[in-house]
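Engineer: Compute the structure for the input listed below.
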Amino acid sequence: MENVKNETQTKRELVITRILNAPRELVFKSFTESESLAQWWGPKGSEIKVSKLELRPGGTFLYNMQTPDGHVMWGKFVYREIIAPETIIFISSFADENGNTIRAPFSEMWPMEVMNTLTLTEENGKTTLTLRGGPINATDAENDIFFAMIENMQQGFKGTFDQLEEYLNKIQSK
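Structural biologist: Residues are numbered from 1 along each chain as shown. Alright, predicted model coming up:
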């Protein structure tokens, strides 16, 4: 029988860092307003619809993503801690349209929940975004699958953060 890790988070983690040519307050706002998130969050080419955004500890960001071929997936964040404009700690998971946590549609072994810490620091008008994440309460097999997919996740987040950068450039040039 698999061991379930009941620690807060695994020792290994996904780490993504991106420097954005925008002030920290604007980057934070892009992560915390539904109108902004709908413009850039998710895989390139997907349409995002925000169902709920309750920006508070215990609050939920519930959204769906529709791919160009019409496939719809739901996801959610449950916020643990918010320190404006520098830190957002949240648990991400796949969900149904009612916000119930479900298994990932692409793998029965994908971890049910991933703890994420988003940190924003600013220097000379540029913001360094750092996203750290890893499975919580996951089996050894779920951890193995997650960490085997690190390169794919890094590529996916690169596309998502490319969209964030385009969005920030667009709203700053208005």
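Engineer: could I get the longest strand belonging to the chain in CSV with only the CA atoms?
Structural biologist: Determined from DSSP state E, the single longest strand within the chain is strand 72-83. The C-alpha coordinates for strand 72-83 follow below in CSV (Å, rounded to 0.1, in the frame of the first residue of the first chain):
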residue,chain,number,x,y,z
VAL,A,72,-13.8,22.3,-21.2
MET,A,73,-11.9,21.7,-17.9
TRP,A,74,-12.5,23.3,-14.5
GLY,A,75,-9.9,24.4,-12.0
LYS,A,76,-9.8,26.1,-8.7
PHE,A,77,-7.6,27.8,-6.2
VAL,A,78,-8.4,27.9,-2.5
TYR,A,79,-6.5,30.9,-1.0
ARG,A,80,-4.6,30.2,2.2
GLU,A,81,-2.8,33.6,2.7
ILE,A,82,-2.8,36.9,0.9
ILE,A,83,-0.3,39.6,1.6
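Engineer: Show me what that strand packs onto, helices and strands only.
Structural biologist: Using 3 or more CB pairs under 8 Å, 6 or more residues apart in numbering; DSSP states H and E as the contact test, the elements touching strand 72-83 are strand 60-66, strand 87-95. (C-beta placed from N, C-alpha, C; glycine too.)
Engineer: wait, which of those strands is closest to Met153?
Structural biologist: strand 87-95 (11.4 Å; CB to CB).
Engineer: picking up where we left off before, for the helices and strands packed on strand 72-83, give me CSV that also has distance to Asn143.
Structural biologist: CSV is the format used below for the helices and strands packed on strand 72-83 (distance: least, CB to CB, whole Å):
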stretch, distance to Asn143
strand 60-66, 24
strand 87-95, 15
